[in-house]
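Undergrad: Quick one: sequence plus predicted model below, questions after.
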Amino acid sequence: MKSKRPLGTPRLLGIVWPFIAVVLFQALLGCVSLYMLSAVRSYVGGESLWSKGQKDAIYFLYLYSDTHDPVYYEKYTQAISVPQGDHKLRLAMDESPPNEVAAREGILQGGNSAQDASSIIWFYRYFRHVSYMETAIEKWAIGDAYLLKLDNLAQEMHKAILAGNADAAESQRWEDEIFAINEGIAPSAKAFSDALGEGSRFIWRLLVVINLVTAVALILLVLKRTHKVLKQSRAFAEALQLEKERAQITLQSIGDGVITTDVNGAIAYMNPAAENLTQWKSEQAQGISLAALFKLLDDNDQDEGPRLVERILTGELGNSREHSRQIQRMDGSTVAVTLVGAPILHDGDVSGAVLVLHDMTQERQYIANLSWQATHDALTGLANRREFEYRLELVLKNLGRQQGRHALMFLDLDQFKLVNDTCGHAAGDELLRHICTLLRTGLREGDTLARLGGDEFGILLENCPVDMAEKIAGGLRQAVQSLHFAWKGRPFMSTISIGLVHIHKAPVTLESLMRAADMACYMAKEKGRNRVQVYHVDDTELSLRFGEMAWVQRLHVALEENRFSLYAQEITPLGPVQDGGGHIEILLRLQDENGRIVFPDSFIPAAERYGLMSSIDRWVVENVFRIIAECSAQAGGRPMAMCAINLSGSTIGDDDFLAFLHEQFDCYGVSPKLICFEITETSAIANLGNAIRFINDLKTLGCHFSLDDFCAGMSSFAYLKHLPVDFLKIDGSFVKDMLDDPINRAMVEVINHIGHVMGKRTIAEFVESTQIEEALIEIGVDYAQGYIVQRPQLFTFDSLLQRPQRARALTLKSPGTLR
């Protein structure tokens, strides 16, 4: 292809930009110079106003001292306000950072024009420490000090004159002081004026020199730049020619095929990559049409070659987009390519076309590999969770249009962690590969087996009756159980738990289906592992576990969003007590997503089963302590009630929680005597050693303890001897029916008697009527808790204040009357 010599003309802007820079820089420098001189002029004018103001102030104050005429005092205040404004300006600008608002007010008060305010502030800020300006400011400060003395004298004179205490001697003293101030301020004012004058002259000379030096420097720069541009222009043509030769070499070496044609589509040039793609030599292809090199096949295998040049010239293959096609060579083989074409323009006219072909063979292979990796597990080669859920989603969509029976299985290896922990992950990976081989052999063709993560697998059985699905699940379980796996001579027993869900009704969501299979697998593990658990909608046990698992996520969110709240219920003494009887129990409530209040019975079982009680107990303790600490400052020395906080069994055995409690006592400064921890009898006996250690540790601090729900579970009075609690709470199931059931009443009497013998105070729960309260007083129970005493209310400052023992007519009766 012939090459043409390019024009070596540099752009006009490349030549004239130094001249433009000269003009702009000189203009900028001139503006800065004028702005600076204007600022100096403003200071000179301000000094004139300052001098006039202080002279007038001294003059009118002198007349006021002599005549006591208030008119002269008014004129004095008007005159003194000018230098006072300048004083305000100086003080505002000496602040760090400068107070520009106050500075502007001082400038205007000093008589300067508002238009000069910005230049005055700018000059002060940036030239404060220049020698002339620094000297002037020092004299300014001395003058301000004299003016301050003058104003203090004026205030003294004014007060004395108004009070009628100004005699001739006093007036003479004032006039002497005014004369002395005037003598002192005059040299400062003159020095200030001289410093400003000298500074302005110095600045003028400096700016003249800077402007001249800058002008000479920029002229030299322009000359040098112009010489450089002229030199570059001579090399421009040579560089352009060199670049074109480099472009030729680049075209020879790049991996994309490049073909150029004339306007009629005749081949003008082909680089080596194009030769490899088309299997034509450049010399052989010269002058033949582009359509003769190859067929360009579209998605319908139609040949687009005859129109290819026309589409390039009209811009259809441009617009920075790659067009994927296949080219069919003369031997019949095909290659996937992307092609981009553009017309060649010369002086605005189309002189030919250029076509770039990129071989997509390797990219297609990469895309196929990436697609496989995105949908399959690298270790086992099975479909991954994403692909499994996609296929399951397709089945569910088809189920809505066409009825059928399918099955979903979740499989989880039993004790797989044992293999990893004892022999390492290499052994675990090998076991997983063996398991995958076994599971594949037990499935039908077309069934989907996927690794969902770790040792969890999923199986989708499409068009599979119920009995067949359960038979396949059982076969898989037996196959895994019969696997003899050994690693370095060490054998391992392998079993698997399977959750099976039948799919035959629409609509059903992917999320609910996966959750049901997961729950069934979980139940299989809970029932002893190595079994198949079939999910049924009406399975009560599964539904209970399903609801508890739903609560787990809700509780996590509730803790994050702080949607728990604390309530308090009074525990009142039924007779005289030494400590005043202030005692409340802290109750927990949850506000759900719709703002409704949820009672603990609904979420505590799930929290205990899935290990969330420790987090909830920490939230309760921290918030109770915080409220007590906040209210202590408001109590004003008034006694506060002891707060009973319920703790779960898992929390009692948590050493970290014990350390957490010590931290909270230190952090909030709460008195341990104000805290009573309630633990249930069942949890205390189940963790007896931990419970005793936990109680003893906190009792040394001064905390109290209460044993809740006593005799409601597996109670034994023998255990009670070992638990150093302060209170026994008689379970409400005995209390609420004690009037109608003599056995319940006897239980209350026995528990109360044993508690008193062991030195513990008793609390009766569920006291909901006056008659029950009277019976408890007759038995001798120490405290009552229930709706007859108080309904639960929000835990606030009022809840904490000890209340006097309730005045009840009942407590005033004699024992004989009660009977």
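TA: Now that the structure is in, tell me what you want to look at.
Undergrad: mind listing what the most centrally placed residue in the chain touches?
TA: Residue closest to the average C-alpha location in the chain (Cα atoms, centre = their mean): Glu560, at 12.8 Å. For Glu560, the contact set (Cβ atoms under 8 Å, 6 or more residues apart in numbering) is empty. Backbone N, C-alpha and C define where each C-beta goes, glycine included.
Undergrad: Work out for me the element it sits within.
TA: helix 540-561 (DSSP states H and E).
Undergrad: by contact count, what packs against the helix or strand following that helix?
TA: The helix or strand immediately downstream of helix 540-561 is strand 564-570, counting by DSSP H and E. Counting contacts by 3 or more Cβ pairs under 8 Å, 6 or more residues apart in numbering; DSSP states H and E, strand 564-570 is packed against strand 583-591, helix 613-635, strand 793-794.
Undergrad: Let me know the pLDDT of Leu812.
TA: On pLDDT, Leu812 comes in at 35.
Undergrad: Gly475 reaches Arg444, doesn't it?
TA: No - using Cβ atoms under 8 Å, Gly475 makes no contact with Arg444, being 11.2 Å away.
Undergrad: rewinding a little: need the helices and strands packed on strand 564-570 in a markdown table with mean pLDDT, mean neighbour count and distance to Leu297, can you?
TA: What follows is the helices and strands packed on strand 564-570, written out as a markdown table (pLDDT from 0 to 100; neighbours: other Cβ atoms under 10 Å; distance: least, Cβ to Cβ, whole Å):
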| stretch | mean pLDDT | mean neighbour count | distance to Leu297 |
| --- | --- | --- | --- |
| strand 583-591 | 92 | 21 | 66 |
| helix 613-635 | 89 | 17 | 64 |
| strand 793-794 | 92 | 12 | 77 |
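Undergrad: out of these, which comes closest to Ser118?
TA: Ser118 lies closest to helix 613-635 among the helices and strands packed on strand 564-570, at 51.0 Å (Cβ to Cβ).
Undergrad: For stretch 450-462, list the C-alpha coordinates in CSV.
TA: Presented in CSV, the C-alpha positions along stretch 450-462 are these (Å, rounded to 0.1, in the frame of the first residue of the first chain):
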residue,chain,number,x,y,z
ALA,A,450,-26.0,-30.7,43.4
ARG,A,451,-23.5,-29.8,46.1
LEU,A,452,-25.1,-27.0,48.1
GLY,A,453,-22.1,-26.3,50.3
GLY,A,454,-19.8,-28.1,52.7
ASP,A,455,-21.2,-31.6,53.2
GLU,A,456,-24.7,-30.7,52.1
PHE,A,457,-26.3,-32.0,48.9
GLY,A,458,-29.5,-31.4,47.1
ILE,A,459,-31.4,-33.7,44.7
LEU,A,460,-34.3,-32.9,42.4
LEU,A,461,-36.3,-35.8,41.2
GLU,A,462,-38.5,-34.7,38.3
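Undergrad: What pLDDT does the model give His406?
TA: Looking at His406, its pLDDT stands at 91.
Undergrad: For burial, what's the neighbour tally of Ile312?
TA: Neighbours of Ile312 under the rule other Cβ atoms under 10 Å: 25.
Undergrad: Name the nearest residue to it, sequence neighbours excluded.
TA: Closest residue in space to Ile312, ignoring its immediate chain neighbours: Gly341 at 3.5 Å, by Cβ to Cβ, 6 or more residues apart in numbering.
Undergrad: wait, that neighbour sits on Val354?
TA: Yes - using Cβ under 8 Å, Gly341 makes contact with Val354 at a distance of 6.6 Å.
Undergrad: anything in contact with each of the two?
TA: Joint contacts of Gly341 and Val354 (Cβ under 8 Å, 6+ apart) are Ile312.
Undergrad: More neighbours: those two, which one.
TA: Using other Cβ under 10 Å, the more surrounded residue of Gly341 and Val354 is Gly341, with 22 against 16.
Undergrad: residues of the helix or strand encompassing that one that come out buried?
TA: For Gly341, the host element (DSSP H and E) is strand 334-346. Within strand 334-346, the residues that qualify as buried are Val335, Val337, Thr338, Leu339, Val340, Gly341, Ala342, Pro343, Ile344, counting by 16 or more other Cβ atoms under 10 Å.
Undergrad: what's the following helix or strand past it packed up against?
TA: Per DSSP H and E, strand 334-346 leads on to strand 349-359 as the next helix or strand towards the C-terminus. Counting by 3+ Cβ pairs under 8 Å, 6+ apart, the packing neighbours recorded for strand 349-359 are strand 257-262, helix 272-278, helix 308-313, strand 334-346.
Undergrad: could I have the third one exported to CSV, CA atoms only?
TA: These are the backbone C-alpha positions of helix 308-313, laid out as CSV (Å, rounded to 0.1, in the frame of the first residue of the first chain):
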residue,chain,number,x,y,z
LEU,A,308,-20.3,-6.4,3.6
VAL,A,309,-18.5,-3.5,2.0
GLU,A,310,-21.7,-1.6,1.5
ARG,A,311,-22.5,-2.0,5.2
ILE,A,312,-19.0,-0.8,6.2
LEU,A,313,-19.2,2.3,4.0
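Undergrad: got the contact list for that helix?
TA: With Cβ under 8 Å, 6+ apart, helix 308-313 has contacts from 261, 263-265, 290-291, 296, 304, 317-318, 341-343, 350, 353-355.
Undergrad: just to revisit the earlier point, show me what the mean pLDDT comes to for the helix holding Glu560.
TA: Mean predicted confidence for helix 540-561 is 70.
Undergrad: ditto for stretch 729-744
TA: On average, stretch 729-744 scores 90.
Undergrad: what angle sits between the top helix by length along the chain and strand 257-262?
TA: Criterion DSSP state H: the longest helix present in the chain is helix 168-253. Orientation of helix 168-253 against strand 257-262 (axes from the mean of the first three to the mean of the last three Cα atoms, to 10 degrees) gives an angle of 80 degrees.
Undergrad: how far is helix 168-253 from where the chain is centred?
TA: Centroid separation between helix 168-253 and its chain, computed with Cα atoms, centre = their mean, to the nearest Å, is 49 Å.
Undergrad: would you put the C-alpha positions of stretch 400-408 in CSV?
TA: Extracted C-alpha coordinates of stretch 400-408, given in CSV (Å, rounded to 0.1, in the frame of the first residue of the first chain):
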residue,chain,number,x,y,z
GLY,A,400,-48.2,-24.1,37.6
ARG,A,401,-48.9,-24.9,33.9
GLN,A,402,-48.8,-28.7,34.0
GLN,A,403,-49.5,-30.9,37.0
GLY,A,404,-46.9,-33.4,37.9
ARG,A,405,-45.2,-35.1,40.8
HIS,A,406,-41.7,-34.2,41.8
ALA,A,407,-39.5,-34.5,44.8
LEU,A,408,-36.8,-32.5,46.5
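Undergrad: what ranges do the helices span in the stretch 1-150 of the chain?
TA: 12-67, 70-93, 100-109, 117-127, 131-163 (DSSP state H, counting those that start in this stretch).
Undergrad: Just the buried residues of the shortest one, please?
TA: I take that to be helix 100-109. Applying 16+ other Cβ under 10 Å to helix 100-109 flags Ala103, Arg104, Glu105, Gly106, Ile107, Gln109 as buried.
Undergrad: if we can go back for a sec, kindly provide the whole-number mean pLDDT of the strand holding Gly341.
TA: pLDDT averaged over strand 334-346 gives 77.
Undergrad: Direction included, what does that strand pair against?
TA: With DSSP bridges as the test, strand 334-346 is paired with strand 323-328 (antiparallel), strand 349-359 (antiparallel).
Undergrad: How far off centre is that strand?
TA: For strand 334-346 - counting by Cα atoms, centre = their mean - the centre lies 49 Å from the chain centre.
Undergrad: Ok, stretch 337-355 next?
TA: 52 Å.
Undergrad: Just the CA trace of it, in CSV.
TA: Presented in CSV, the C-alpha positions along stretch 337-355 are these (Å, rounded to 0.1, in the frame of the first residue of the first chain):
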residue,chain,number,x,y,z
VAL,A,337,-15.2,-13.8,14.8
THR,A,338,-16.2,-10.4,15.8
LEU,A,339,-15.8,-7.7,13.2
VAL,A,340,-15.7,-3.9,13.2
GLY,A,341,-15.5,-1.9,10.0
ALA,A,342,-15.2,1.8,9.1
PRO,A,343,-15.0,3.9,5.9
ILE,A,344,-11.6,5.4,5.0
LEU,A,345,-11.9,9.2,4.4
HIS,A,346,-9.6,11.5,2.5
ASP,A,347,-10.4,15.2,2.4
GLY,A,348,-13.9,14.4,3.5
ASP,A,349,-14.5,11.9,0.7
VAL,A,350,-14.8,8.1,1.1
SER,A,351,-11.8,6.4,-0.5
GLY,A,352,-12.2,2.9,0.8
ALA,A,353,-13.0,0.6,3.8
VAL,A,354,-11.2,-1.1,6.6
LEU,A,355,-12.4,-4.3,8.2
